[in-house]
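Enquirer: generate coordinates for the sequence data below:
(one chain, ligands or ions: 2)
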Amino acid sequence: MSDAATAKVFVITGPSGVGKGTLIKRLLERVPGLALSVSATTRAPREGEQDGRDYHFLTEEQFQRRRDAGDFLEFASYSGNHYGTLNSELDRCLEQGRSVVLEIEVQGAQQVRAARPDSVQIFIAPPDGSVLRERLRGRGTDSAEAIDKRLETAEIELASRGDFDHLVVNDDLDAAAAELESIVRTAIGLDP
Ligand code: ADP
Ligand code: 5GP
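Expert: Ligands and ions are numbered 1, 2, ... in the order given. Predicted coordinates for the structure are as follows:
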């Protein structure tokens, strides 16, 4: 378990559909004391998503107001919507001595790298380009048009994979989950 002095910030990035959410869910179940930062977004909630649990769902105006007030550690536009990490989310976790996981896209990851060079940056990559479309279709949460848009962005995201401290290829889910767990445990000084 970490304390306030050793609590770490983990940034987990990768293209849409690569399996970030699935891997992070497993990570939180397996590593004690980790907290997930709940991001703010202007995108509409998907079926089953809850405000305050999955995201803080904000209107454009609310998002802009919080951005102008300097409330975000980082923010970015993605697929026509705004997303951002609230400083208050991070502080809440770190003050409790808990390490915190940010699941964000690459522009945000760069901003966190600049603001917190001690953050641990992890890129989740697909075994090949074609699985992203299959996984997004299989997830069933996005229209064909939205999937196309996300896949266009994925090309750009994949090009920045070399900027990250760690690269985890999510081919076999169990193997990728074990690798991610080992990276996180090592960084916070728990047995891998
Ligand atoms: P992301 O959060 O990166 O957008 P998700 O975690 O929602 O991705 O995963 C997208 C879809 O792919 C989900 O339906 C998930 O069950 C599936 N998935 C995740 N990892 C794997 C894997 N290793 N092999 C096959 N399917 C996977
Ligand atoms: P989704 O709409 O699928 O939930 O998320 C779309 C993309 O936005 C994903 O790559 C996700 O990681 C990213 N994202 C989620 N929250 C944040 C955030 O707070 N900041 C940034 N920069 N990206 C985020």
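
Enquirer: residue contacts, the spatially most central residue of the chain?
Expert: Nearest residue to the geometric centre of the chain (CA atoms, centre = their mean): residue 103, 1.0 Å. For residue 103, the contact set (CB atoms under 8 Å, 6 or more residues apart in numbering) comprises 12, 13, 20, 21, 24, 36, 37, 39. From N, CA and C alone the C-beta is placed, and that goes for glycine too.

Enquirer: buried residues in the helix or strand of the chain with the lowest mean pLDDT, which are they?
Expert: Across the helices and strands of the chain, the lowest-confidence element by mean pLDDT, DSSP states H and E is helix 87-95, at a mean of 92. Across helix 87-95, burial judged by 16 or more other CB atoms under 10 Å covers 89, 90, 93, 94.

Enquirer: inside strands: which ones of the contacts of residue 103?
Expert: In this view, the contacts of residue 103 that belong to strands under DSSP state E are 12, 13, 36.

Enquirer: residue 9: what's it in contact with?
Expert: Going by CB under 8 Å, 6+ apart, residue 9 touches 90, 94, 99, 100, 102, 112, 116, 118, 119, 120.

Enquirer: please redo it, this time with the cut-off set to 7 Å
Expert: Residue 9 sits next to 90, 100, 102, 116, 119 when contact means CB atoms under 7 Å, 6 or more residues apart in numbering.

Enquirer: ends of stretch 126-145, what's the gap?
Expert: Stretch 126-145 has an end-to-end distance of 21 Å (criterion: CA to CA, to the nearest Å).

Enquirer: is ligand 2 within reach of it?
Expert: No: Stretch 126-145 does not reach ligand 2 (CB under 6 Å from any ligand atom); its nearest approach is 7.8 Å.

Enquirer: could you do stretch 99-114 as well?
Expert: Yes: Stretch 99-114 reaches ligand 2 (CB under 6 Å from any ligand atom) through 103, 104, 105, 107, 108.

Enquirer: surely the last one meets residue 78?
Expert: No: under the criterion of CB atoms under 7 Å, residue 108 makes no contact with residue 78, lying 8.7 Å away.

Enquirer: comparing the two, which residue is more hemmed in?
Expert: Using other CB atoms under 10 Å as the criterion, residue 108 and residue 78 rank with residue 108 on top: 23 against 19.

Enquirer: can you pull the phi/psi pair for the residue in the chain that ligand 2 sits nearest to?
Expert: Nearest to ligand 2 in the chain, going by CB to the nearest ligand atom, is residue 108, at a distance of 2.4 Å. When read as degrees, to the nearest 10, the backbone of residue 108 gives phi -70, psi -40.
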